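[1] fold the following.
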Amino acid sequence: MKKIKITVAALLLGGMSYAQQVDSTCAYIDDVARSNTFKAQWAYVESRATIEDVIEWMHSDIQDGRVEANVGELYLQNLIDLLSRLEDINAGLITSPFVCCENCDEID
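    Reported below is the predicted structural model:
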């Protein structure tokens, strides 16, 4: 009978310790999820995956004839350029807003 009581007590203590550990882990995960770096990394991963999906879909649309080849290739080139810029931003190579102006001096 003494062994059963000790076993039950050990199981109860173990369960209480485990419950306290889960709470601190959840709080840590919540703090990480709220941080800006985590949000930025998540946005980068999701954006990259979305662009790659659209590139894949455009390839299949060109092959199936739903999109003209020249229009599709132009669209694909723009998507690849966008993906390249996204990777540069993530790597820290681009820190200011991207400005593309071929004739900026001629506008004024």
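
[2] now the residue nearest to residue 67 when sequence neighbours are not counted: how far from residue 44?
    Nearest non-adjacent residue to residue 67, counting by C-beta to C-beta, 6 or more residues apart in numbering: residue 61, 4.4 Å away. To be clear about C-beta, it is placed using only N, CA and C from the backbone, and glycine gets the same treatment. Here the distance between residue 61 and residue 44 works out to 26 Å (C-beta to C-beta, to the nearest Å).

[3] returning to that earlier point: host element of the residue nearest to residue 67?
    Using DSSP states H and E, residue 61 falls within helix 36-64.

[4] elements contacting that helix?
    Where contact means 3 or more C-beta pairs under 8 Å, 6 or more residues apart in numbering; DSSP states H and E, helix 36-64 is packed against helix 69-91.

[5] just the buried residues of the helix it packs on, please?
    Within helix 69-91, the residues scored as buried using 16 or more other C-beta atoms under 10 Å are 72, 75, 76, 83, 86, 90.

[6] make sure the third one is actually in contact with residue 58.
    Yes - with contacts defined as C-beta atoms under 8 Å, residue 76 counts as touching residue 58 at a distance of 5.5 Å.

[7] let me see the mean pLDDT of stretch 43-62.
    For stretch 43-62, mean pLDDT rounds to 93.

[8] can you list contacts of it?
    By C-beta atoms under 8 Å, 6 or more residues apart in numbering, the surrounding residues in contact with stretch 43-62 are 67, 69, 72-73, 75-76, 79-80, 82-83, 86-87, 90.

[9] could you give the number of residues near residue 35?
    10 (other C-beta atoms under 10 Å).

[10] start at 29 instead
    Got it, the first residue is 29 from now on, which makes the last one we talked about residue 63.

[11] any regions of the chain where pLDDT drops low?
    Residues of the chain meeting the criterion pLDDT under 70: 29-62, 123-136.
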